[in-house]
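**Student:** Output the structure for:
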Amino acid sequence: MPITCKAAITNGDGSFTIEDIEVHDPQADEVLVKIMAAGLCHTDHDSLSWGKQLIIGHEGAGVVIKTGSKVTGLAPGDKVILNWAMHCGHCFQCLAGNQHLCEVASPVAAGGNGYTPGHAHPSGTTLNGLPVLRSFNIGTLAGYTLVKASAVVKNASTNMSFQAASIISCGVMTGYGSVLNAAKVKVGSSVVVLGTGGVGLNVIQGAKIAGAAMIIAIDINQNRLNMAVKFGATHTLLAYKTDTGLLQAAQKVKTMTHNRGADYAFECTAIPELGAAPLAMVRNAGTAVQVSGIEQDITIDMRFFEWDKIYINPLYGKCRPQIDFPDIVQHYEDGNLMLEEMITRTYKINELDKAFDDMLKGRNAKGVIVFD
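**Tutor:** Below you'll find the model as predicted:
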């Protein structure tokens, strides 16, 4: 018997509506999850213009309702965190340890934005009797979701709220993983973080966990810089929109780091013009990390690469859900990672317009939709 629930649906034209959808029983390798909370990020707003009908949302946490006959390790009542790094476990990339780049199941690496044909169960969710796809195959802005078992990680924490658990799904994982999994920041090193929104704050937290000695937060918003200090930044720099490529800020960073430059710099602004900015912040043989997923054409002065600098563009913090999510939960339990404090405001599904507006205008570190 299908379950009827509310969902935020876009037709890909830049808008969305709240509709009643029907969610059916899981197939053999699927899990039916009641969504309790769904985090919002800029990708959710971008998905409104992908030119296809989708249930939007790709961060979420909830409770298992039903499991398919082949699903093991999960049972009704389990608290879970959703992730979009679904993986087959058998393709070239999975066997190489790159689950987030799975050639069969990844909705980004394998099939482009939003949906991988043949991987999800498109007829499992319907709108007015017709199949409707889910963004990143999980579509978390809905009362219930039907997903592959590899999209679900059990949450062992007894203290963590569903709101906090929901933001692990992407924003926390991307920032934390870019530091620990991709850049492999070393103890005692210096780190620059460009942009201190939700992802940038988790880069800061990841750098603190990694044991960085100096964490320099750079933003044009003083309120965000104040928040960055609470999350672990040791130094802050207020930047200005008139500082092209943040070159003036880069000179200040150099002065702060023995006239050398930082060991690592992370771009978390999603501003194409700043795609090369982390290269200007790091020392010779330093590492620049483009975290925010810039996909536009940009021009880079190749002198920024002098000398022996490394520039990487990791996806989803090189996420290994069954390994990284429990580690993040443990850091939270140990008091080393703040999650509840990152949630500025919660909203109901019918307040999604307001939630998007607050996000786009930088009012929130993180906004979360909560479901009854």
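**Student:** can you pull out the helices in the protein?
**Tutor:** With DSSP state H as the criterion, the chain has helices at 42-46, 92-95, 162-167, 173-177, 198-210, 222-230, 247-256, 277-281, 321-333, 352-360.
**Student:** what separates the third one from the chain centre, distance-wise?
**Tutor:** Per C-alpha atoms, centre = their mean, to the nearest Å, the displacement of helix 162-167 from the mean C-alpha position of its chain is 12 Å.
**Student:** export it as CSV, just CAs?
**Tutor:** Provided in CSV are the C-alpha atoms of helix 162-167 (Å, rounded to 0.1, in the frame of the first residue of the first chain):
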residue,chain,number,x,y,z
PHE,A,162,17.7,14.7,13.2
GLN,A,163,18.4,18.2,12.1
ALA,A,164,22.1,17.9,12.9
ALA,A,165,22.3,14.5,11.3
SER,A,166,20.7,15.7,8.1
ILE,A,167,23.5,18.2,7.3
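**Student:** Relative to residue 185, which of the helices of the chain is closest?
**Tutor:** The closest of the helices of the chain to residue 185 is helix 198-210. By C-beta to C-beta, the value is 4.1 Å. Every residue, glycine included, has its C-beta placed from N, CA and C.
**Student:** I'd assumed residue 167 was in contact with residue 58.
**Tutor:** No - between residue 58 and residue 167 there is no contact under C-beta atoms under 8 Å: 11.3 Å.
**Student:** quick one, which of these two is more surrounded?
**Tutor:** A direct count of neighbours by other C-beta atoms under 10 Å for residue 58 and residue 167 places residue 167 higher, at 29 against 26.
**Student:** quick one: residue 9 and residue 147, what's the gap?
**Tutor:** With distances taken as C-beta to C-beta, to the nearest Å, residue 9 is found 17 Å from residue 147.
**Student:** Which of the two has more residues huddled nearby?
**Tutor:** Legend: neighbour count by other C-beta under 10 Å for residue 9 and residue 147, higher for residue 147 (28 against 22).
**Student:** Mind listing the residues bridging to that one?
**Tutor:** Using DSSP bridges, the beta-bridge partners of residue 147 come out as residue 31.
**Student:** residue contacts, it?
**Tutor:** Residue 147 is in contact with 30, 31, 33, 82, 86, 120, 134, 137, 138, counting by C-beta atoms under 8 Å, 6 or more residues apart in numbering.
**Student:** Report how many residues lie close to the last one.
**Tutor:** Using other C-beta under 10 Å, residue 138 has 29 neighbouring residues.
**Student:** what bits of the stretch 51-200 of the chain have low per-residue confidence?
**Tutor:** 109-123 (pLDDT under 70).
**Student:** please redo it, this time with the cut-off set to 80
**Tutor:** For the stretch 51-200 of the chain, the stretches flagged by pLDDT under 80 are 108-123.
**Student:** Same check on the stretch 201-350 of the chain?
**Tutor:** Judged against pLDDT under 80, the stretch 201-350 of the chain has no low-scoring part.
**Student:** related to what we said a few turns ago, most neighbours out of the contacts of residue 147, which is it?
**Tutor:** Within the contacts of residue 147, residue 82 tops the neighbour count with 32 neighbours, counted by other C-beta under 10 Å.
**Student:** Identify the residues contacting it.
**Tutor:** Neighbour list for residue 82: 33, 35, 58-62, 138, 140, 145, 147, 151-153, 166, 169 [criterion: C-beta under 8 Å, 6+ apart].
**Student:** Ok, residue 279 next?
**Tutor:** Applying C-beta under 8 Å, 6+ apart, the residues near residue 279 are 265, 288, 300, 304, 305, 309, 311.
**Student:** Residue 156 too?
**Tutor:** Counting by C-beta under 8 Å, 6+ apart, residue 156 touches 326, 329.
**Student:** residues near the closest residue to residue 246 other than its chain neighbours, how many?
**Tutor:** Of all residues not flanking residue 246 in the chain, residue 277 sits nearest, at 4.5 Å (C-beta to C-beta, 6 or more residues apart in numbering). By other C-beta under 10 Å, 27 other residues sit near residue 277.
**Student:** Please consider this matter closed, and thank you.
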